[in-house]
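K.L.:
this is a predicted model, with the sequence first.
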Amino acid sequence: MVLNDSIQSSLDVSYPAFEDSKTIQELLAFMSREGLFCVPVCHKGRFSGIVHLDELEKAAEGAAEKLRDLNFPVTPSATADEHVLALFSRMGFFPETIIPVVDAETGDYLGIVHKERLFMRMVEVFHLAGDSMTLELEVPAFGLNVSEVIAVLEKNDATVLSFGSYHPSPEGESRVLCMRLQVHDAYHLVKTLEQYGYLIRYAAPLSGGDDEDLREKALEFIRVMDL
């Protein structure tokens, strides 16, 4: 049973993989017929590397007959118990659209994960889709507790769905808090944060309605300020 968001939760065991005893011509015909550009290759069940269609086409013109006759470059892989978030730090090392997955102890090939599936999983985890509000606040790099910011948001009927931070400049004198929020009145929230003295770098959408609705909210706020 998968108890966390590990690679195993996104594993695809149906994607074709082949032992290196298969002939180049057989695999070339299969990949051409199925419209595949790359497939994993194994030696006695252990992952050897990924072979590409163009590589097979070149190899078919030479003396090599079977996949074991080819030289497979070292190909990075993921382990089934690796967390999805941890894998993202190494995503640049996987040039293909698939990532081979192996057993951490034995090295046995287990299947692949699709990069697209991992990206969509991040969309789900961090609520990047839908009508949630994106809010960026620039705050001092030190001396400010994030819990204080979250407390202010929650007092104004906003729910933090996901949260991250980064330094906008190499000097590191400030940092940006980037959040996805569920909020009833985004315009009122922004104005309240400004009154608290927060520097807002980005906030959208400010209204769940159309531009006319947003103008009405602005006029209402101005009338309140004039009282």
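P.N.:
Yes, it's here.
K.L.:
list the contacts of residue 205.
P.N.:
131, 133, 186 (CB atoms under 8 Å, 6 or more residues apart in numbering). C-betas here are computed from N, CA, C, even on glycine.
K.L.:
let's see it at 10 Å
P.N.:
With contacts defined as CB atoms under 10 Å, 6 or more residues apart in numbering, the neighbours of residue 205 are 131, 132, 133, 134, 186, 187, 214.
K.L.:
now the two most distant members of those.
P.N.:
132 and 214 (17.4 Å; CB to CB).
K.L.:
for the contacts of residue 205, give me a markdown table that also has neighbour count, pLDDT and distance to residue 77.
P.N.:
A markdown table is the format used below for the contacts of residue 205 (neighbours: other CB atoms under 10 Å; pLDDT from 0 to 100; distance: CB to CB, whole Å):
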| residue | neighbour count | pLDDT | distance to residue 77 |
| --- | --- | --- | --- |
| 131 | 7 | 89 | 38 |
| 132 | 19 | 93 | 34 |
| 133 | 20 | 96 | 38 |
| 134 | 16 | 96 | 34 |
| 186 | 22 | 93 | 43 |
| 187 | 20 | 91 | 48 |
| 214 | 16 | 49 | 50 |
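K.L.:
the closest residue to residue 72 other than its chain neighbours pairs with what?
P.N.:
Nearest-residue entry for residue 72: residue 49, 3.0 Å, with adjacent residues in sequence omitted and distances by CB to CB, 6 or more residues apart in numbering. With DSSP bridges as the criterion, residue 49 is bridged to residue 41.
K.L.:
can you count the residues close to residue 49?
P.N.:
Close neighbours of residue 49, defined as other CB atoms under 10 Å, add up to 18.
K.L.:
my read: it touches residue 42, true?
P.N.:
Yes - assessed by CB atoms under 10 Å, residue 49 is found in contact with residue 42 at 9.1 Å.
K.L.:
which residues do those two both contact?
P.N.:
20, 67, 100.
K.L.:
show me the helices in this structure, by range?
P.N.:
Remark: helices assigned in the chain by DSSP state H are 24-34, 53-59, 84-88, 115-125, 146-155, 186-196, 211-226.
K.L.:
as PDB, could you dump the C-alpha coordinates of the fifth one?
P.N.:
In this case it means helix 146-155. Extracted C-alpha coordinates of helix 146-155, given in PDB (Å, rounded to 0.1, in the frame of the first residue of the first chain):
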ATOM      1  CA  VAL A 146       5.700  33.000   7.900                       C
ATOM      2  CA  SER A 147       3.100  32.000  10.500                       C
ATOM      3  CA  GLU A 148       2.400  35.600  11.100                       C
ATOM      4  CA  VAL A 149       1.500  36.200   7.400                       C
ATOM      5  CA  ILE A 150      -0.700  33.100   7.300                       C
ATOM      6  CA  ALA A 151      -2.500  34.200  10.400                       C
ATOM      7  CA  VAL A 152      -3.300  37.600   8.800                       C
ATOM      8  CA  LEU A 153      -4.600  35.800   5.700                       C
ATOM      9  CA  GLU A 154      -6.800  33.500   7.700                       C
ATOM     10  CA  LYS A 155      -8.200  36.300   9.700                       C
END
